[in-house]
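Asker: Give me a 3D structure for the following:
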Amino acid sequence: MKACFYTLGCKVNQYETHAMRHHLEQNGFETADYLPGETGKCDLLIINSCTVTGESDRKLRQLLRRCRREQPEAVLVLSGCMPQAFPDKAAEFKEADIIVGNAARRKLADLVLQFFNTHQPIVEIPKHDNTFEELPIGDMEGHTRAFVKIEDGCNRFCSYCIIPYARGRVRSRSLESLRQEVTTLAAKGYREIVLVGINLTAFGQDCGLTLADAVDTVCAIDGIERVRLGSIEPDYLTPPIIKRLASQPKLCPQFHLALQSGCDATLKRMNRHYTTAEYAALCKALRAQFPGCAITTDFMVGFPGETEEEFESSLSFVKEIAFARVHIFAYSRRPGTPADRAPDQVQSRVKAERSRKTADLCQRLASEYAAGLIGKTVPVLLETKLADGTVHGYSPEYVSVKVKTDAPAGTVLPVLITGAENGECIAVPAE
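Answerer: Next up is the predicted model:
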């Protein structure tokens, strides 16, 4: 029986899709990715949803309708954050035969078999409990690095975010469980592990551990050459933890440290729990312990109430920090959050102009950071063979690198950076 998956959203969702695939494979299913318009007939189609914005919900509804048209005989499963955050809306998704929340993924195979027996719609959306969901991936087919989820949930309640309702409160994975999964991945040839979570720096809050404990555990496993952190929040990344992280040579010197805004007034409206001064001090501490490290970030424009002066102040802060790369996005209203009901919503054309202006600055910053690597020898994890005969990969700083080599994907190859263009480096194998 063939089960196909389509994933929306973040790296945690990607991990969880692989976990569900592994779960179904253990129960006798053949699994594959679903490519709308290209995949042939499948018996089971699982959509792992995201609900971070109202736009995410709109795209999900479109996808459900398209999948039902393309796969009229398949059992259609809606899983993930959307049904978990809004269980009262489950009845609206009439295209889905099975609706399963984030807290019930371990029941997926049983629910599918139940549907095949009864042909009656199933809705299974229990509330989160206080334990971390143990659902290992087994493999990440098609990837040269493996994402490993070590934390779930968030206690922050930013004013624009629905995720605490979709994910519940902070729950951390045990170090023994983490050790077992990464040991298995190392035996399968993975050389880089990316630790991911909904609020990664909150790892251990519920069990007396810290993020450094998780990093130490993974770095100690034979065969793993690089460990990378997914998106992290400024909270809880204290000087003692940074010092411990710096003691691990396998940890990649790249930190995706969520900013959202470089204006204190905007941060306060967002219910973010730091100031720009505190954020800048954290960047300084990271650079002191990891010289030359890449600090990357998420940056939002057009949050309700953001004036032109606040935007310019925010943009100046981005320039001051000199990020290596910035993910820019315009605020999108998320029904169910305080920000959706806030006054002074910013017009779309203003958000578009601010996005463009921010992108121009951030492209220059990315180019400057990449150019700073010229002349250095760095290990690159090779990923994709390109049409021009080069191979694409990433440096420890997560800078895109192209190198002429016959080495296979998955190899960590020392290269000499010889040039840089538009934020991407050109290299040759190091002698």
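
Asker: now what about stretch 201-218, what contacts it?
Answerer: Applying Cβ atoms under 8 Å, 6 or more residues apart in numbering, the contact partners of stretch 201-218 are 130, 148, 150-151, 153-155, 169-175, 178-179, 182, 193, 195, 197, 200, 224, 227, 229, 232-237, 241, 244-245, 248, 250-251. C-beta: built from backbone N, CA, C; applies to glycine.

Asker: pLDDT averaged over that stretch - what is it?
Answerer: Stretch 201-218 shows a mean pLDDT of 97.

Asker: try stretch 342-359
Answerer: If you average the pLDDT over stretch 342-359, you get 98.

Asker: If you count neighbours, what's buried in that stretch?
Answerer: Going by neighbour count (16 or more other Cβ atoms under 10 Å), the buried part of stretch 342-359 is 345-346, 351, 354-355, 358.

Asker: Filter those down to the ones in helices?
Answerer: 351, 354-355, 358 (DSSP state H).

Asker: what about burial for the contacts of stretch 201-218, which qualify?
Answerer: 148, 150-151, 153-154, 169-173, 175, 178, 182, 193, 195, 197, 200, 224, 227, 229, 232-237, 241, 244-245, 250-251.

Asker: Inside strands: which ones of those?
Answerer: Counting by DSSP state E, the buried ones among the contacts of stretch 201-218 place 148, 150-151, 171-172, 193, 195, 197, 227, 229 in strands.

Asker: Make TSV out of the residues you listed and add distance to residue 79 and pLDDT.
Answerer: TSV is the format used below for those (distance: Cβ to Cβ, whole Å; pLDDT from 0 to 100):
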residue	distance to residue 79	pLDDT
148	20	96
150	21	97
151	20	97
171	18	97
172	22	97
193	25	96
195	23	98
197	19	97
227	29	98
229	26	98
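
Asker: and the two most separated of the residues you listed?
Answerer: Farthest-apart pair in these is 171 and 227; separation 21.4 Å (Cβ to Cβ).

Asker: Any chance of the ones in strands among the buried ones among the contacts of stretch 201-218 in JSON lines with distance to residue 65 as columns?
Answerer: Formatted as JSON lines, these follow (distance: Cβ to Cβ, whole Å):
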{"residue": "148", "distance to residue 65": "34"}
{"residue": "150", "distance to residue 65": "36"}
{"residue": "151", "distance to residue 65": "34"}
{"residue": "171", "distance to residue 65": "34"}
{"residue": "172", "distance to residue 65": "38"}
{"residue": "193", "distance to residue 65": "37"}
{"residue": "195", "distance to residue 65": "36"}
{"residue": "197", "distance to residue 65": "32"}
{"residue": "227", "distance to residue 65": "41"}
{"residue": "229", "distance to residue 65": "37"}
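
Asker: Which of those sits closest to residue 117?
Answerer: Checking those against residue 117 with Cβ to Cβ, the nearest one is residue 171 at 32.6 Å.

Asker: If anything else comes up later, I'll come back, but that's it for now.
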